[in-house]
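K.L.:
structural data only, the sequence is not supplied:
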């Protein structure tokens with residue numbers, strides 16, 4: 001998979017184009033697959049995301065989860081950025097661009113809808129795909145699980161009030177079925193399967209075989225699952241994307257700016273706090289990406305399938321993957337500037353030569 005990982009951006013672009021083309025020229029495929037849905041969650045997409053997550057979950061052991069809960073810095077960054085900053089900066093950026101900067105191109109009614117969709121995205125931090133981003137940055141799997149799990153618990157009680165506050169709608173209906181089903185599909189099921197298979201395989205084959213053979217064979221699942229997921233996502237949403245190309249370009253601007261700002265804020269904070277890179281990268285990426293299933297489902301419930309709010313949540317999917325891949329690459333390149341517990345270059349086993357007389361050892 002090194003070849004695929006090296007050119008992942010190219011494959012993502014091809015999958016986006018291929019997905020849209022599939023929806024246009026073979027509409028029976030997405031139409032058939034879209035029938036397999038429950039609580040606004042696509043079961044085929046859920047299965048693919050499960051395949052992406054499993055290789056990371058299988059490497060988690062219970063003791064590492066306990067240790068992760070004793071490292072508060074990364075968790076503090078995630079929670080503060082996700083719940084005290086991100087929803088409100090998304091609202092401000094959406095209002096600025098749709099009400100002021102883009103007002104000559106966007107009608108008042110569309111602007112209201114677009115702001116609503118942006119709020120729904122901003123109030124829903126990522127649940128599933130962040131495991132993929134963490135995997136690609138060699139993040140701490142156990143710590144990422146703790147971060148995502150606590151975010152999901154907060155989301156159950158905070159998503160509705162935040163959206164009510166920012167939208168000014170007092171009778172909002174939060175699709176809790178979508179939230180609960182997503183937690184089960186994206187966290188509980190793969191974690192249980194991963195822990196069970198880990199325990200059985202290590203007992204039967206030993207830890208050396210497990211790490212050296214089994215885990216390496218699972219590596220391609222994440223990349224293949226990601227690419228196939230993109231094809232289906234854009235096959236499902238292709239018609240919506242092609243219907244308003246100019247507005248989609250305008251909508252993408254504040255969403256991209258928000259993503260870059262949130263990542264810079266969280267990643268920079270982690271750097272100042274000297275958080276290990278395998279915790280810092282996922283901490284920044286959780287808030288940067290969005291729980292698009294929840295955002296799309298809520299937009300459809302509140303405003304309708306063909307609403308501007310629903311369109312914004314679809315555009316969120318469109319821009320998220322390329323932006324997140326770019327940030328993953330940036331995080332990997334800046335790894336040497338962070339302390340790390342794993343993935344660091346091994347120490348040189350040969351001792352340093354004795355310094356010359358009168359020369360400081362670090363000179």
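P.N.:
That came in fine, so what should we check first? Since this is a predicted model, take the numbers as computed values, not measurements.
K.L.:
tell me the pLDDT at the residue most central in space within the chain?
P.N.:
Centroid-nearest residue in the chain: residue 130, 3.3 Å away (criterion: Cα atoms, centre = their mean). What the model reports for residue 130 is a pLDDT of 82.
K.L.:
which parts of the stretch 201-350 of the chain are helices?
P.N.:
207-209, 215-243, 245-272, 277-288, 292-303, 308-333 (DSSP state H, counting those that start in this stretch).
K.L.:
just these: most buried one?
P.N.:
Most buried of the helices of the stretch 201-350 of the chain, by mean neighbour count (mean count of other Cβ atoms under 10 Å): helix 277-288, with a mean of 29. All C-beta spots, glycine's among them, are computed from the backbone N, C-alpha and C.
K.L.:
measure residue 277 to residue 213 for me?
P.N.:
Here residue 277 is placed at a distance of 27 Å from residue 213 (Cβ to Cβ, to the nearest Å).
K.L.:
before we move on, what about residue 329?
P.N.:
Residue 329 is 29 Å from residue 213, where distance means Cβ to Cβ.
K.L.:
which strand or helix spans the residue nearest to the centre of the chain?
P.N.:
Assigned by DSSP states H and E, residue 130 belongs to helix 129-136.
K.L.:
give me the contacts around that helix.
P.N.:
5, 49, 52-53, 55-57, 139-141, 144-145, 148, 186, 222, 226, 281-282, 285-286, 289, 320, 324, 327-328, 332 (Cβ atoms under 8 Å, 6 or more residues apart in numbering).
K.L.:
same question, stretch 99-107
P.N.:
98, 111, 114, 115, 246, 247, 250, 253.
K.L.:
switch the cut-off to 6 Å
P.N.:
Outside stretch 99-107, the residues within contact range by Cβ atoms under 6 Å, 6 or more residues apart in numbering are 98, 111, 250.
K.L.:
from those residues, which single one is nearest residue 20?
P.N.:
Residue 20 lies nearest to residue 250 out of the contacts of stretch 99-107, by Cβ to Cβ, at 19.1 Å.
K.L.:
for the closest one, which non-adjacent residue is closest in space?
P.N.:
residue 102 (5.1 Å; Cβ to Cβ, 6 or more residues apart in numbering).
K.L.:
number of residues surrounding the one you found?
P.N.:
Counted by other Cβ atoms under 10 Å, the residues lying close to residue 102 total 18.
K.L.:
one more: residue 274?
P.N.:
Neighbourhood size, residue 274 [other Cβ under 10 Å]: 10.
K.L.:
who touches residue 267 in this structure?
P.N.:
Here residue 267 is in contact with residue 284 (Cβ under 6 Å, 6+ apart).
K.L.:
now residue 13. Nearest residue, chain neighbours left out?
P.N.:
Spatial nearest neighbour of residue 13, chain neighbours left out: residue 322 (7.6 Å); criterion: Cβ to Cβ, 6+ apart.
K.L.:
picking up where we left off before, from residue 136, how far out is the residue nearest to the centre of the chain?
P.N.:
From residue 130 over to residue 136 the distance is 11 Å, taken as Cβ to Cβ.
K.L.:
how about residue 321?
P.N.:
In terms of Cβ to Cβ, residue 321 sits 12 Å off from residue 136.
K.L.:
repeat for residue 325
P.N.:
For residue 325 relative to residue 136 (Cβ to Cβ), the value is 8 Å.
K.L.:
for the record, mean pLDDT for stretch 269-282?
P.N.:
93.
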